[in-house]
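Participant: Okay, here's the prediction I keep looking at, along with the sequence it came from:
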Amino acid sequence: METERQHITERTFNFSVRIVKLAQHLDQNPGVARTLSNQLLRAGTSIGANVEEAQGGQSRADFLSKMSIALKEARETLYWLRLLIAAEICSTQQLAELSSEANEIVSILIAIVKNTRSAG
């Protein structure tokens, strides 16, 4: 279990770094791109922060709560990435790897949340 926890912690941290870099790129554009960048930055970096907080959870319920929030933020991040593509601010190719990683993180977090609930 510890290696699984370390894995998701590192993976979400690395994902956050990539989101920060994308937001820096988007912030160079005025208007809508900058506004969407702020939303993406908040949601995308919140995933890792909540996963990190969950590692120090005071109880199973606290751990589950933080991981559930991380999952919610991961889903929101996917929304913003899809919107950037649909609004033609970024191309599908530009965001393909990031979108794929976000989808994988969502799947991992779903599994963690389900496993934690069933173990309780």
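Facilitator: Okay, I see it.
Participant: And the lowest-mean-pLDDT helix or strand in the chain, what's buried?
Facilitator: Lowest by mean pLDDT, DSSP states H and E among the helices and strands of the chain is helix 2-26, with a mean of 89. Within helix 2-26, the residues that qualify as buried are 8, 11-12, 15-16, 19, 22-23, 26, counting by 16 or more other C-beta atoms under 10 Å. Where C-beta positions appear, they are placed from N, C-alpha and C, glycine not excepted.
Participant: just those now: which is nearest Gln93?
Facilitator: Lowest distance from Gln93 to the buried residues of helix 2-26 (C-beta to C-beta) belongs to Leu22, with 13.7 Å.
Participant: Would you confirm that the closest one contacts Ser99?
Facilitator: No - assessed by C-beta atoms under 8 Å, Leu22 is found out of contact with Ser99, at 11.1 Å.
Participant: Tally up the residues packed near Asn103, please.
Facilitator: Counted with other C-beta atoms under 10 Å, residues neighbouring Asn103 total 14.
Participant: How about the backbone phi and psi for Gln58?
Facilitator: With angles defined as degrees, to the nearest 10, Gln58 sits at phi -80, psi -10.
Participant: typo on my end, Asp27
Facilitator: Note on Asp27: backbone dihedrals following degrees, to the nearest 10 are phi -70, psi -10.
Participant: show me the residues around it that make contact.
Facilitator: The contact partners of Asp27, by C-beta atoms under 8 Å, 6 or more residues apart in numbering, come to 33-34, 37.
Participant: And the helix or strand Thr77 falls within, what's buried?
Facilitator: Per DSSP states H and E: Thr77 is located in helix 60-86. Applying a neighbour-count criterion of 16+ other C-beta under 10 Å, the buried positions in helix 60-86 are 63-78, 80-81, 84-85.
Participant: chain center to the next helix or strand after it: distance?
Facilitator: Downstream of helix 60-86, the next assigned helix or strand under DSSP H and E is helix 92-119. The chain centre lies 8 Å from the centre of helix 92-119; the measure is C-alpha atoms, centre = their mean, to the nearest Å.
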